[in-house]
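> Sharing a model that was predicted from the sequence below.
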Amino acid sequence: MLEIKKISHHYHEQQVLNQISFTFEAGKIYAIVGESGVGKSTFLSVISGLDFLQTGEIWYQTKKVTNFDCYRRQIGYVFQAFNLVPYLSAVENVRLALDIHAKVKTIAQIKEILKSVGIVGQTLEKKCADLSGGQQQRVAIARAVALDEKLIIADEPTGNLDKNNAKHVLEIFEHLKLEGKCIIMVTHDRQLANQTDIVLTLKAGELVVLKD
């Protein structure tokens, strides 16, 4: 589904990613683990087209990516910093993302998706600025799920959640996997990572398989 070829990336004189080639397959969940500062978030930003591709190629569904604006609209992305519009409600944030991606869902469908991540009742209509960090994280996950894209990239999607809610998020991802979607996530939770299909890490700028 997603193939990266000889991707390198550096900041000033520091090499963060070094000639990485890898193929991510449909119907699998990938977890990227490792200490802070090794380049995990940078890797996600580069392969999703959010950061400038300095060296290498990205192929998505057998086609080389040349139009990155179009490519970014084919990804459901869960940001570590949520990137929600604070003065909009949970429902409005999801609807805005759907509008940007030219997708259509009813309010009832949006509420059902939010319900699946535990956002219900009055919380649906609260401004996101008034929600807790954990609630905002769930809205961010719901937003990515609502887009119904084949590729979901998630940067610490369970970082602000307790173990029960983190487990629930993984169950949602498992369901999406069965629909043939590919999920690539960064996590510091090794126990959670070990429940995914493939565990990866970055060492000296190279992608290393820890569990296959």
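On my side now, so go ahead. Numbering: from 1, shown residues only.
> only C-alpha atoms for contact and neighbour calcs from this point on.
Will do.
> Show me the contact partners of the helix or strand hosting Ile172.
In the assignment (DSSP states H and E), Ile172 maps to helix 163-178. The contact list for helix 163-178 (C-alpha atoms under 8 Å, 6 or more residues apart in numbering) reads 26-29, 117, 158, 182-183, 192.
> buried stuff in that helix?
Applying a neighbour-count criterion of 16 or more other C-alpha atoms under 10 Å, one finds 165-166, 168-170, 172-174, 176-177 buried in helix 163-178.
> mind listing the strands for the chain?
Here the chain has its strands, by DSSP state E, at 2-11, 14-24, 29-33, 55-60, 63-64, 75-78, 151-155, 182-186, 198-203, 206-211.
> Serialize those to a markdown table and add fields for distance to Pro86.
Shown next, in a markdown table, are the strands of the chain (distance: least, C-alpha to C-alpha, whole Å):
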| stretch | distance to Pro86 |
| --- | --- |
| strand 2-11 | 31 |
| strand 14-24 | 32 |
| strand 29-33 | 29 |
| strand 55-60 | 32 |
| strand 63-64 | 36 |
| strand 75-78 | 16 |
| strand 151-155 | 19 |
| strand 182-186 | 24 |
| strand 198-203 | 33 |
| strand 206-211 | 35 |
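> got the CA positions of the worst-scoring helix or strand of the chain on mean pLDDT in PDB?
Lowest on mean pLDDT, DSSP states H and E among the helices and strands of the chain sits helix 163-178, with a mean of 86. Taking Å, rounded to 0.1, in the frame of the first residue of the first chain, the C-alpha atoms of helix 163-178 are listed here in PDB:
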ATOM      1  CA  LYS A 163      -4.900   1.800  29.800                       C
ATOM      2  CA  ASN A 164      -8.600   1.000  29.300                       C
ATOM      3  CA  ASN A 165      -9.100   3.700  26.800                       C
ATOM      4  CA  ALA A 166      -5.800   2.900  25.100                       C
ATOM      5  CA  LYS A 167      -7.000  -0.700  24.700                       C
ATOM      6  CA  HIS A 168     -10.300   0.600  23.200                       C
ATOM      7  CA  VAL A 169      -8.400   2.700  20.600                       C
ATOM      8  CA  LEU A 170      -6.400  -0.400  19.600                       C
ATOM      9  CA  GLU A 171      -9.700  -2.300  19.200                       C
ATOM     10  CA  ILE A 172     -10.900   0.400  16.900                       C
ATOM     11  CA  PHE A 173      -7.700   0.100  14.900                       C
ATOM     12  CA  GLU A 174      -8.100  -3.700  14.800                       C
ATOM     13  CA  HIS A 175     -11.500  -3.200  13.300                       C
ATOM     14  CA  LEU A 176     -10.100  -0.800  10.700                       C
ATOM     15  CA  LYS A 177      -7.400  -3.300   9.900                       C
ATOM     16  CA  LEU A 178     -10.000  -5.900   9.100                       C
END
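> Specify the angle between it and strand 182-186 in degrees.
150 degrees (axes from the mean of the first three to the mean of the last three C-alpha atoms, to 10 degrees).
> Adjust the sequence numbering to begin at 631 for everything that follows.
Shifting the count to begin at 631 puts that one at helix 793-808.
> can you tell me which two in the contacts of helix 793-808 are farthest apart?
Ala656 and Val747 (22.8 Å; C-alpha to C-alpha).
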